[in-house]
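>>> fold the following, please.
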Amino acid sequence: MAVHVFGIRHHGPGCARALRNALCTLEPDIVLVEGPPDAHAVLPALVRPEMKPPVALLVYAPENPQSAAYFPLVHYSPEWQALTYAFTRSIPARFMDLPQAYQLEQRSIEEPQTVPDEEADVLPSADASGEEESAETQPTMEEDPIGQLAFSAGYADRELWWEHQIEQRRDAVDLFEAILEAMTELRAHAPAPENREAQREAWMRRTVREVQAEGFEKIAVICGAWHAPALLGGTASKDAKLLTGLKKIKVEATWVPWTNSRLSYRTGYGAGIAAPGWYEHLWDAPDRLATRWVARGARLLRSEDLDAASANVIEAVRLAEALAAMRTIPMPGLAELHEAMQTVLCGGDPVPMTLIRDKLETGERMGEVPEDTPAVPLARDLTALQRSLRLKPSVEITPLDLDLRRDIDLARSRLLHRLNRLGIPWGQPERAASNVSTFHELWRLQWHPEFVIALIEASVWGNSVEAAATARAVNDADRAPDLPTLTALLDATILGGLPAATDHVLARVRDQAAVSADVLHLMHALPPLARVSRYGDVRGTGATQVDPVITALFQRVLVGLPLACRNVDDEAASKLADGIAAVQESVSLLDRPEQRESWSTTLGVIARADGLHGLLRGWGCRLLLEAGALDSGELRRLAGLVLAHATPPPQAAAWVEGVLRGSGLLLLHQDGLWRALDAWMRELPPDTFTEMLPLLRRAFSGFQPPERRKMGDKVRRLGMDHTPEETSTPDGEDLDRERADLVLPILAQILGVQLHDR
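Next up is the predicted model:
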């Protein structure tokens, strides 16, 4: 009985090609592959036509879905080639690694495994940063045995060494014998493997002995190159001792779609590769690798309306081949092609190369699995909904414009809102433009493979998306800490079309509103309720039940707000200003005359009250001005009072900040405000002005550049075109122009504009 060990890289096209040829020559009786035996039941699906890599085996603990491990596979994975070889020839194929039932039990629940569990690769200590090591610093055996081998061969980058020596080979005669010899020598000088790796190798050796005992004559063993020497030694007694006392948990396995980007070590994948798209090209291209690769890059640039002439393609290939010759390597690799394409195709500009790296070197292709692949009922329900609503998951960012008057778009909106409620943010809502009606919703869709785990976790709430979202919303309502959280949840349940949850959350809102005494909480609770009242009927959901709650909360805000604004510090004033903005939003949404009148009266009290924080008084003035309840004369009067000598400069600056909140276009026509501000700044002592300057800069920083430019023009004209009454000081003396001109450069600096000569 002969055991043939093939040491491979988990995602190496050169290894995969050589392995396929070696298996065809060997014609083994059985194939053993490093992988999770827990997944044997779903392994035959690998050869079904509906299976389109990249895909991944997912092994997880049903009681704790976050405790999971992924095993990605692509066409150029040696394991994929070995398994398809076995299944297409009706040869037994088995996984032989230590079962995940044991490995997942050993991991801490506090630190769940959320990335693929294939640390034992040909590069056991791969640097996740992907940066090249210094050519002058030789790695130690303990730090990086493969890196030491590459260094000895004159390479600073072990990835580059492996690609040149293994992956680019077309003639791979005796490749695996050479790999085995090299790994044997390295392991002879390397430290003993850690306990977990020793247990994995012991289990694999035991599996080989079991297969031998069954009478198989030609046994093909496919494992990570680092493990290859270890599988040919050891004794049964020592392995049994290593495996004694292992504990296991219940696990399940399935296939899930995967993406090229998730094969990269940059995403934290322990057995990752630098450029999945390049490795796929090495597998697919039968000849003229460099020419085909550069042509693909040129085609990509042209698709983005960037110049990429055919002559430049030829020159880029020639440059890559010249670089390879200078570096004494048989053919251009990714590094040479990358340099040549950036130099010739991109004119030395690194920005287009970012596109090539993302779209070509990595790629964002997403695999597919058969529809009847084992999955939790919740995942099956989501798949059915995606099919019926014509929403195909994609890793590409896809915009989605929904018209809620159409039944299918309304159903799509509810699905996306329900998934967000379950912690599966497949769709992110976008802020609609001003010309988009209230019947429209804008979304940005992007599917991530880890959503599969989130679906398994969410299945504890129910077997359908609607049932699970309803149960989750009810539970969240019972645990909500305050009224704003409850009203936001009510808004979400309305958007998700969950009537049972809506009734429960609304009852909780009523109960909490009856006992809540925090004015800030009451204010922040109003906007979600206003959205429910305003837009609920658009979604076919009755919203009249919330109107009594809105009325009660609004009346309590009117009574409590003036008192809450007294004797507050800067932090509390900022929070109250945000609360006032929330009430203003709800009043504007509902657009009810009696509410607008009552709210304007309350804002007038705040704007004119002595002793209140300047930010709140200024914010009240600004909101009254926008509502048309404050004319320019009254604004100038209030500005004169607040910016008088008796007001402490910090409070005056806070008032200015409050008035300047929001759009700046409305303020451009308030000449009285600008003159009061100009007079206040002219009277500030130099030390006080220096102290106030950061506050004033912050007040103007929220405006857009065009707004600041127009404000600068306003400042420049402050000393021009005055009427005699306007150009006199309060005591009747003529305005000192020279003194006023001293202020203008400072105001221009604050506003970020340039003064022009008059």
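>>> how much space separates residue 256 from residue 105?
22 Å (CB to CB, to the nearest Å). Placement of C-beta: from N, CA and C, glycine included.
>>> check residue 629 too.
68 Å.
>>> what does residue 258 give?
25 Å.
>>> those two - which one has more neighbours?
Legend: neighbour count by other CB atoms under 10 Å for residue 258 and residue 105, higher for residue 258 (27 against 16).
>>> how about residue 77: what's its closest non-neighbour residue?
Once flanking residues are discounted, residue 77 sits nearest to residue 11: 5.3 Å by CB to CB, 6 or more residues apart in numbering.
>>> what's that neighbour in contact with, if anything?
72, 74, 76, 77, 263, 271, 272, 273, 276, 279 (CB atoms under 8 Å, 6 or more residues apart in numbering).
>>> check residue 341 too.
Residue 341 touches 294, 297, 316, 320, 353, 356, counting by CB under 8 Å, 6+ apart.
>>> and with 10 Å instead?
Residue 341 is in contact with 293-294, 297-298, 301, 308, 312-313, 316-317, 319-320, 352-353, 356, 360, counting by CB atoms under 10 Å, 6 or more residues apart in numbering.
>>> before we move on, back to that, would you confirm that the residue nearest to residue 77 belongs to a strand?
No: applying DSSP: H, G, I helix; E, B strand; the rest coil, one finds residue 11 to be coil, outside a strand.
>>> kindly provide the distance from it to residue 349.
According to CB to CB, residue 11 and residue 349 sit 31 Å apart.
>>> and if you look at residue 207?
Taking CB to CB, one finds residue 207 at 53 Å from residue 349.
>>> low-confidence ranges, the stretch 51-200 of the chain, go.
107-145, 169-173 (pLDDT under 70).
>>> and if we set it to 90?
Low-confidence segments of the stretch 51-200 of the chain (pLDDT under 90): 61-70, 103-197.
>>> domain map for this protein?
For the chain, the structural domains run 2-267, 285-362, 377-466, going by automatic domain parsing.
>>> re the thing from before, closest to residue 595 out of the contacts of residue 341?
Residue 595 has its nearest neighbour among those in residue 352, at 55.0 Å by CB to CB.
>>> is it correct that that closest one is in contact with residue 305?
No: Residue 352 is not in contact with residue 305 according to CB atoms under 10 Å; the separation is 11.2 Å.
>>> related to what we said a few turns ago, in helices, which of the contacts of residue 11 fall?
The members of the contacts of residue 11 that map onto helices under DSSP state H are 276, 279.
>>> higher neighbour count, residue 352 and residue 305?
Neighbour count, other CB under 10 Å: between residue 352 and residue 305, residue 352 has more, with 21 against 6.
>>> for that one, which residues are in contact?
Counted by CB under 10 Å, 6+ apart, residue 352 has contacts 297, 300, 301, 304, 306, 307, 308, 341, 342, 345, 346.
>>> swap in 6 Å and give it another go.
306, 346 (CB atoms under 6 Å, 6 or more residues apart in numbering).
>>> helix, strand or coil for it?
helix.
>>> ok so, going back, Serialize the domains of the chain to CSV and add fields for distance to residue 624.
Output for the domains of the chain, formatted as CSV (distance: least, CB to CB, whole Å):
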stretch, distance to residue 624
domain 2-267, 52
domain 285-362, 48
domain 377-466, 23
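>>> who wins for proximity to residue 650 among those?
domain 377-466 (34.3 Å).
>>> just the pLDDT for the closest residue to residue 285 other than its chain neighbours.
Nearest non-adjacent residue to residue 285, counting by CB to CB, 6+ apart: residue 292, 4.9 Å away. Reported pLDDT at residue 292 in the predicted model: 93.
>>> and for residue 292, the neighbour number?
15.
>>> and for residue 334?
By other CB under 10 Å, neighbour count at residue 334 equals 22.
>>> that one against residue 278, yeah?
Yes: between residue 334 and residue 278 there is a contact under CB atoms under 6 Å: 4.8 Å.
>>> so what's in contact with those two at the same time?
With CB under 6 Å, 6+ apart as the test, residue 334 and residue 278 reach no residue in common.
>>> so which residues of the stretch 301-450 of the chain form strands?
398-403, 427-430, 440-445 (DSSP state E, counting those that start in this stretch).
>>> coming back round to it: more neighbours, residue 207 and residue 349?
residue 207 (19 against 12).
>>> what sits against the more buried one?
residue 96 are the contacts of residue 207 under CB under 6 Å, 6+ apart.
>>> what do you get if the cut-off is 8 Å, keeping everything else the same?
Residue 207 touches 32, 94, 96, counting by CB under 8 Å, 6+ apart.
>>> same check, this time on residue 616
Counting by CB under 8 Å, 6+ apart, residue 616 has contacts 565, 568, 573, 576, 577, 580, 606, 658.
>>> list the buried residues of the one helix or strand the last one maps to.
What that stands for is residue 658. Using DSSP states H and E, the element containing residue 658 is helix 649-659. By 16 or more other CB atoms under 10 Å, the buried positions in helix 649-659 come out as 649, 651, 652, 653, 654, 655, 656, 657, 658, 659.
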